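# here's a sequence, model it:
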Amino acid sequence: MLARLLSRDVRVNALIGTGHFLSHFYFLCLPPMFLAWQKAFDVSFWELGLSVALMSGTTALLQTPVGFMVDRWGARPFLVGGTLLMTLSITTMGIATAYWQILVLSALSGVGNSVIHPADYAILTGSVNRARMGSAFALHTFNGNLGTAASPLVTAALMLAVGWRSTLLIVGLLGLPLVVMILLQSAILRDQQRQPVARRAVSGAKLLLTRSMLLFFAFFLLSAMAGGGITSWLITVLHQVHGLDLGTASSALMAYVSGATGGILIGGWVVDRTTRHYSFALTLTVLAAALILLVALEPMPPFPTIAALFLAGIMTGASRTPRDVMVKDAAPPGQIGKVFGFVSAGLPLGQALVPVPFGFLIDDGRPDLVLVLVALLLLGSMAFAGSARASAGHEPVAEAAD
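Residues are numbered from 1 along each chain as shown. Reported below is the predicted structural model:
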């Protein structure tokens, strides 16, 4: 019996994780195309940036309504349709003859991408053994991070070898075997369980406007703003403030990102062995913020700087799985799709908010404040998380059918 459950859990994690990998991979396969598209379509840089903005914005905008549909009609058809739409949109870019076609296809890919978070979390919640839920959530986030890391490298290498059109055809068609596997293995992908409507129930629409859900949204938003601040400006800050050469500063960013990716798995392992999820996440976040402040305020040689950021990355990554599990625990039965669709929309929004104002801060001669603000954003996110967790236990349960 145990072997059968483990086998099913492994297959579920493999299918869902591969889809999450592809969704992150497709997000970052467009920027390497920019120079080639500029020559092919004679467009400006702001027009090139619009392709990424359309994909990201469409995803963020549609996640919540898709979550409602996932909760009403089940996650599997949306997962199949969303993955198919993503892969066909990217594939069709390879035969585009005008840039407006690229923009339309970017938006369509964003529509497909909007399905991933609500459908994935609904299926994981219903399919994976509860005792291994932390590990399942950790693997889900880990695979997404791998897609983010792999996309620029793989896409750039393919472009050098076969050109941009063939590259998009190749990476786009990678999703078709996954769609087939989801269809073949659909029996093991179970939807979240539904329970009878509680006596004190509110509608699903009102659920998202409760204090706890708004606070969880703010938690995700501030966490993403902190992460976006580091990934966008760490190299510049270390170079301008502490005089590190660009190679060392780039290594420091890679150390942080690598630590965060590995830390996700550590967090999943711990979450399955404790119920003190908030205390665990709070401790790690405070330590990570302290290390980032140390790097911001205390000039250090290259190796200690890289080591401090690597440790900060591990702690930040390990705090992500407790974050997701706290949201799952706060979501009423049958409402996982809309809850994760709503709160996780804070991630792309937060990442989009910080590059420009932080850039203005650097232009104004205050790059030393960037990492200080990142640390404060991390601490602020945990204040919202604590308030959300406290509020969740005192609010009415949402209706299972909406």
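
# what residue ranges in the stretch 1-150 of the chain score low on pLDDT?
1-6 (pLDDT under 70).

# repeat that for 80
Counting by pLDDT under 80, the stretch 1-150 of the chain shows low-confidence ranges at 1-10, 28, 31, 45-46, 49, 53, 126-135, 148-149.

# for it, what spans make up the helices?
2-27, 34-41, 45-73, 76-93, 99-113, 116-127, 133-162 (DSSP state H, counting those that start in this stretch).

# against which helices or strands is the third one packed?
In terms of contacts (3 or more Cβ pairs under 8 Å, 6 or more residues apart in numbering; DSSP states H and E), helix 45-73 is packed against helix 2-27, helix 34-41, helix 76-93, helix 99-113, helix 116-127, helix 204-207, helix 336-343, helix 346-353. Where C-beta positions appear, they are placed from N, C-alpha and C, glycine not excepted.

# how far off centre is the third one?
With Cα atoms, centre = their mean, to the nearest Å as the basis, the distance from the averaged C-alpha position of helix 76-93 to the chain average is 18 Å.

# list the contacts of it.
With contact meaning Cβ atoms under 8 Å, 6 or more residues apart in numbering, helix 76-93 is reached by 19, 22-23, 26, 29, 66, 69-70, 101-102, 105-106, 108-109, 111-116, 118-120, 123, 168-169, 171-176, 178-179, 182-183, 186, 189, 191.

# count the neighbours of residue 279 for me.
Neighbours of residue 279 under the rule other Cβ atoms under 10 Å: 12.

# typo on my end, it should be residue 278
Neighbour count of residue 278, defined by other Cβ under 10 Å: 18.

# for residue 373, what are its contacts?
229, 358, 361.

# hang on, the last one packs against residue 369?
Read that as residue 361. Yes. With contacts counted by Cβ atoms under 8 Å, residue 361 reaches residue 369, the gap being 5.9 Å.

# tell me the contacts of residue 267?
Contacts for residue 267 (Cβ under 8 Å, 6+ apart) come out as 134, 138, 280, 284, 317, 318, 319, 320, 321, 322.

# ok so, going back, buried members of the contacts of helix 76-93 into ChimeraX, please.
Selecting only the buried entries of those in ChimeraX, with 16 or more other Cβ atoms under 10 Å as the criterion:
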select :19,22,23,26,29,66,69,70,102,105,106,108,109,111,112,113,114,115,116,118,119,120,123,168,169,171,172,174,175,178,179,182,189,191
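
# ok, residue 284 - contacts?
Residue 284 sits next to 267, 315, 316, 318, 319 when contact means Cβ under 8 Å, 6+ apart.

# just among the contacts of residue 373, which is most surrounded?
The member of the contacts of residue 373 that has the most neighbours, counting by other Cβ under 10 Å, is residue 229 with 27 neighbours.

# gap between it and residue 318?
Using Cβ to Cβ, to the nearest Å, we find residue 229 at a distance of 19 Å from residue 318.

# repeat that for residue 136.
Separation of residue 136 from residue 318 (Cβ to Cβ): 16 Å.

# next: residue 256.
Taken as Cβ to Cβ, the span from residue 256 to residue 318 is 13 Å.

# again with residue 330
To residue 318, residue 330 is 20 Å away according to Cβ to Cβ.

# which one of those two is surrounded by more residues?
Using other Cβ under 10 Å, the more surrounded residue of residue 330 and residue 318 is residue 318, with 28 against 21.

# lovely, talk soon.
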